[in-house]
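> model the following, please.
(2 chains)
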Amino acid sequence: MKSDPELYGYLPYIDRPKITWPGGARVAFWVAPNIEFYELKPPSNPTWTPPGRPAPDILPYSHKDYGNRAGVWRMMEAMDAAGVRGSVSLNVALCDHHPEIIEACVERDWELFSHGIYNTRFSYEMSEAQESEMIGDAIETVRKYSGQKLDGWLAPALTNTERTMDLLAAHDIKYTCDLFHDDQPQPVKVKSGRLISIPYSLEMNDIIVYNYDLSTPRHYETVIKAQFDQLYEEGGESGTVMCIPTHPFLVGQPHRVKPFADALQYIANHENVWVTTGREIADYYNEHCYDAFEKATAEFESR
Amino acid sequence: MPLPDDYLKYPLRRHGMDQDRYDWSILFRRKPVTWPQDARVALWIVPLLQWFPLNQTGKPFKAPGSLERPYPDYRYYSHRDYGNRVGIFRILKILDRLELKASVAMNAAVARRYPFLVEEVNRRDYEIIAHGVDMDHLHYGGLDPKKEKAQVEEAVTTLREISGQPVSGWLSPGRSESDNTLDLIAAEGIEYVCDWANDDLPYPIRTAHGEIHAMPHSLEIDDRLILLQYHHNEDAYAQQLIDQFDTLYAESENHGGRIMAITLHPWVIGHPYRVKPLERALTHIAEHKGVWSATGAEILDAFKKSGG
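Model (predicted):
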């Protein structure tokens, strides 16, 4: 085991190369709904057993299923109203289980990126061949159901191996959402090819806000607006990224959807906001910012 | 040790669900449901009357609300029992004033110990839902099917005998089931189950003894969850009930009838400082036109009649 992930160099938030988003926008704003399938009786992984009751643990299973039957549709309506396309953190098996949801995403020109096969199959202990197989499955499934090239990755249930980032780059995946070290995209050190991290935010994630921070729905609206206001202010100097990761089984509940919709509307009503997707951020950053950030990081580290 | 290769095999990766109990279905693509008198929202209030035995085993896990201290845990035992002695009567008073109905989910032990509560329920024409034997008799994967069958029979039979009601609804203690629970409750003539949290309307669920229905007993609009687990204050609790209702009421304009389900633990919401916020939220709901206060059995009956 390493003491440092060895995935990125240190580059302080001040005196960085300036990011200028398209149209001079201050903030690149993206929403990443986690559209997930949790199996009722998944096989166990020797490294990690999530807390729960003996199978069939129907309460969390059915709570997650609520997201697909009901919540995702309310969440989509809120995003449509604010003109926000989603970048879907997708358990790709959902394409097989619920292609109707995928069709609705494709109709809306949403991006699909991968959150593994199921949220109940973890990367821990996978051999290189197995992890490659999983990534290849995700690429092929997304292509088959949407015609899209898979460009982004959030590890299933946030389970990584030391090889994950190298394997993503080797499969020509452009960005990872698994690093929470920054409010701007950053180069990720990989053996070959290129990979960047895009800010995905644990802090704005509805699971964290609701189930760990124990916030009320209306407080979620407050923290989203406050996060945005600060990043918007800082974006006057250099472009920032704001992400709201969501879970339809949480934010799509009737008592939670309006505060979420109102927060999106608040952001969308601002000028100089680039309402975009993970893929578009990655493409723009790679073309306009990557080299300068890589150079600046190397220079700072060699001081 | 590397993972076995079948960790990357997915035999149930197919259209629909990964089990056969119910069909995959999108709430917003179903035929709209109509309620009696063209009501927009069926209001389904479900107080839970629970008894947590002092000699709790806590196995294989503790149901939410279970005793926490070493035996004899008078602290938690008596605090939970407060709901059956005091808290429930504050709730009943609010429901009486607003002329609202309820489906009371009751442990069989409560009916046996406090038959007066059954009389209070019957006197109001409220429904009784079977809520298992008590809060320490759980249904769970690995429970001996014979034992579970006896638990189901004891719960349903006791409640039917003491109340004289048909008792057609079931809520497992802690909302936990084994693979056999649905089959066992259907064998006892149960027609709807309240354990599943995946929908806002009833839907058919398969059992070895024919089809029953899952009813959308609320997981999130739950006083224990919001007040004790999320630590929100009473006003925030009331606000969430109001926001839940307002969304469902608005949806009913284009999508057909909705159900506003409210789960109440008298040992939580029945405390003096918490009942007024509950009353405020219920008043907001009851003041709307097109709100039909009904029992679970009545809602399910209307759902079936409307072609659901």
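
> all helices of the chain, in order?
If you meant another chain, say so; for now it's chain A. A:58-66, A:72-82, A:93-97, A:99-107, A:128-146, A:164-170, A:206-207, A:217-234, A:248-251, A:254-268, A:278-288, A:290-301 (DSSP state H).

> correction: the question concerned chain B.
B:74-82, B:88-98, B:108-113, B:115-123, B:145-163, B:181-187, B:223, B:234-255, B:266-269, B:272-286, B:296-305.

> of these, which approaches A:Asn205 most closely?
Closest approach to A:Asn205 among the helices of chain B (CB to CB): helix B:234-255, 19.8 Å. Backbone N, C-alpha and C define where each C-beta goes, glycine included.

> ok so, going back, distance to chain B added to the helices of chain A, as CSV?
Output for the helices of chain A, formatted as CSV (distance: least, CB to the nearest CB, whole Å):
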stretch, distance to chain B
helix A:58-66, 4
helix A:72-82, 5
helix A:93-97, 5
helix A:99-107, 6
helix A:128-146, 6
helix A:164-170, 14
helix A:206-207, 13
helix A:217-234, 6
helix A:248-251, 9
helix A:254-268, 4
helix A:278-288, 25
helix A:290-301, 33
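
> quick one: the ones you listed as CSV, columns for distance to B:Pro204 and mean neighbour count too.
Formatted as CSV, the helices of chain A follow (distance: least, CB to CB, whole Å; neighbours: other CB atoms under 10 Å in any protein chain shown):
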stretch, distance to B:Pro204, mean neighbour count
helix A:58-66, 15, 22
helix A:72-82, 21, 21
helix A:93-97, 19, 22
helix A:99-107, 19, 16
helix A:128-146, 28, 18
helix A:164-170, 42, 22
helix A:206-207, 31, 21
helix A:217-234, 31, 17
helix A:248-251, 21, 27
helix A:254-268, 23, 21
helix A:278-288, 39, 20
helix A:290-301, 54, 15
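
> now check the lengthiest strand in chain B, is it near chain A?
In chain B, assigned by DSSP state E, the strand with the most residues is strand B:41-49. No. Judged by CB under 8 Å from any CB of the partner chain, strand B:41-49 and chain A are separated, with a smallest distance of 10.7 Å.

> what angle do that strand and helix B:272-286 make?
160 degrees (axes from the mean of the first three to the mean of the last three CA atoms, to 10 degrees).

> could you pull out the buried residues of stretch B:294-308?
Under the neighbour-count criterion of 16 or more other CB atoms under 10 Å in any protein chain shown, stretch B:294-308 has B:Ala294, B:Thr295, B:Gly296, B:Ala297, B:Glu298, B:Ile299, B:Leu300, B:Ala302, B:Phe303, B:Gly308 buried.

> with just CA atoms, put it into CSV.
Output in CSV follows, covering the C-alpha atoms of stretch B:294-308 (Å, rounded to 0.1, in the frame of the first residue of the first chain):
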residue,chain,number,x,y,z
ALA,B,294,-59.2,6.8,4.1
THR,B,295,-57.9,3.5,5.4
GLY,B,296,-55.4,1.4,3.5
ALA,B,297,-58.1,-1.2,2.7
GLU,B,298,-60.4,1.5,1.4
ILE,B,299,-57.7,3.0,-0.8
LEU,B,300,-56.7,-0.4,-2.2
ASP,B,301,-60.3,-1.2,-2.9
ALA,B,302,-60.7,2.1,-4.8
PHE,B,303,-57.4,1.5,-6.6
LYS,B,304,-58.7,-1.9,-7.8
LYS,B,305,-62.0,-0.4,-8.9
SER,B,306,-60.4,2.3,-10.9
GLY,B,307,-58.6,-0.4,-12.9
GLY,B,308,-55.3,-0.2,-11.2
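
> other residues contacting it?
The contact list for stretch B:294-308 (CB atoms under 8 Å, 6 or more residues apart in numbering or on different chains) reads B:30-31, B:33-36, B:42-44, B:46, B:101-103, B:126-127, B:129, B:166, B:168-169, B:191-192, B:194, B:201-202, B:213, B:215, B:217, B:257, B:259.

> distance from it to the middle of the chain?
16 Å (CA atoms, centre = their mean, to the nearest Å).

> that older thread, what subset of the contacts of stretch B:294-308 is buried?
The neighbour count (16+ other CB under 10 Å) marks B:33-35, B:42-44, B:46, B:101-103, B:126-127, B:129, B:168-169, B:191-192, B:194, B:201-202, B:213, B:215, B:217, B:257, B:259 as buried among the contacts of stretch B:294-308.

> just to revisit the earlier point, could you dump the longest strand of chain B to CSV, C-alpha only?
What follows is strand B:41-49 as a C-alpha-only set of coordinates in CSV (Å, rounded to 0.1, in the frame of the first residue of the first chain):
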residue,chain,number,x,y,z
VAL,B,41,-55.1,12.8,-3.0
ALA,B,42,-56.0,9.9,-0.7
LEU,B,43,-54.7,10.7,2.7
TRP,B,44,-53.5,7.6,4.5
ILE,B,45,-52.4,8.1,8.1
VAL,B,46,-50.7,5.2,9.7
PRO,B,47,-49.9,5.4,13.4
LEU,B,48,-47.8,2.5,14.7
LEU,B,49,-48.6,1.0,18.0
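
> that strand packs against which elements?
helix B:88-98, strand B:103-106, helix B:234-255, strand B:258-264, helix B:266-269, helix B:272-286, strand B:291-293, helix B:296-305 (3 or more CB pairs under 8 Å, 6 or more residues apart in numbering or on different chains; DSSP states H and E).

> dump these to TSV, plus mean pLDDT.
Output for those, formatted as TSV (pLDDT from 0 to 100):
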stretch	mean pLDDT
helix B:88-98	98
strand B:103-106	98
helix B:234-255	98
strand B:258-264	98
helix B:266-269	98
helix B:272-286	98
strand B:291-293	98
helix B:296-305	98
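
> how about the residues of the stretch 101-250 of chain B near chain A?
Counting by CB under 8 Å from any CB, the stretch 101-250 of chain B sits next to chain A at B:140-142, B:175-179, B:195-200, B:219-221, B:229-232, B:236, B:239-241, B:243-248.

> re earlier: so which of the helices of chain B is the most surrounded?
Mean neighbour count (mean count of other CB atoms under 10 Å in any protein chain shown) peaks for helix B:266-269 among the helices of chain B, with a mean of 26.

> any bit of that one sitting next to chain A?
No. Looking at helix B:266-269 against chain A by CB under 8 Å from any CB, there are no contacts, and the closest approach is 15.9 Å.

> so what touches that helix?
Looking at what lies outside helix B:266-269 - CB under 8 Å, 6+ apart - the contacts are B:47-50, B:65, B:79-84, B:86-88, B:90-91, B:223-224, B:227-228, B:274-275, B:278.

> OK, contacts around B:Leu100?
B:Leu100 neighbours (CB under 8 Å, 6+ apart): B:Leu43, B:Ile45, B:Ile94, B:Leu282, B:Ala286, B:Ser293.
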